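# Predicted model, plus sequence, below.
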Amino acid sequence: MLLTLLQFFASKFLVLALHLEAGSFPRPLSPQEEIRTFADLRAGDPSAREKLIRHNLRLVAHIAKKYYALPSEQDDLISIGTIGLMKAVDTFDSTRRARFSTYASRCIENAILSPAHFQMEKRTHSFCKAAQMRQNGFSGLRKAVTFFYFRGCHVRVMV
């Protein structure tokens, strides 16, 4: 049991670590480079937009790893997160003294969690566990259980 749990977590984080170590994502821009690149973008340089997107793909991968349950879903979530990153580049106001990564992370999460892409099925079931509770001395106690099905994972929350 413990071995399978460790294998699951190892496989989940190994894929992202291999991407990061292989250099498939460029390093983030320094604050000075970021300011210059946004100035170039405002001046109409189309390569500045591409540079901002390319150098923030690591942020997309970091955020996407929180939301995928299977390694096969990683590419889909990175694609969806990249769409959020593109929207962040287009709508960011660099005069507000905020770092772009702070703004972009919200846009990326919103894209991943938007109803169009996030198919979360919530089912609430109330049931009486009277037989089990009677054995423990709690007769007639009811519990509501909320089941979340998210990308193949089953999470049960007792209320």
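Nice, thanks for sending it over. Everything numeric here is computed off the predicted structure, so don't read it as measured data.

# can you list the domains in this protein?
2-113, 121-158 (automatic domain parsing).

# Pick out the shakiest of these, pLDDT-wise.
Across the domains of the chain, domain 121-158 has the smallest mean pLDDT, namely a mean of 41.

# State the distance from Gln74 to Ser47.
28 Å (C-beta to C-beta, to the nearest Å). Heads up, the C-betas are built off the backbone N, CA and C, glycines and all.

# Neighbour count for the two, which is higher?
More crowded of Gln74 and Ser47, by other C-beta atoms under 10 Å: Gln74, with 18 against 11.

# what's the burial count for the residue lying closest to that one once chain neighbours are set aside?
Excluding its sequence neighbours, the residue lying closest to Gln74 (C-beta to C-beta, 6 or more residues apart in numbering) is Tyr68, at 5.2 Å. Tyr68 is flanked by 22 other residues according to other C-beta under 10 Å.

# so Tyr68 makes contact with Asp75?
No - with contact defined as C-beta atoms under 8 Å, Tyr68 does not reach Asp75; the gap is 9.2 Å.

# Ala111: neighbour count?
The number of residues packed near Ala111 is 24, by other C-beta under 10 Å.

# and it, what does it touch?
Ala111 sits next to Ile80, Gly81, Ile83, Gly84, Lys87, His117 when contact means C-beta atoms under 8 Å, 6 or more residues apart in numbering.

# Run through who's touching whatever helix or strand the fifth one lives in.
Taking DSSP states H and E as the definition, one finds Lys87 inside helix 74-91. Helix 74-91 is touched from outside by 15-16, 41, 49, 52-53, 56-57, 59-61, 63-65, 67-68, 100, 103-104, 106-112, 117, with contacts defined as C-beta under 8 Å, 6+ apart.

# measure Ile53 to Arg97 for me?
Counting by C-beta to C-beta, the gap from Ile53 to Arg97 is 22 Å.
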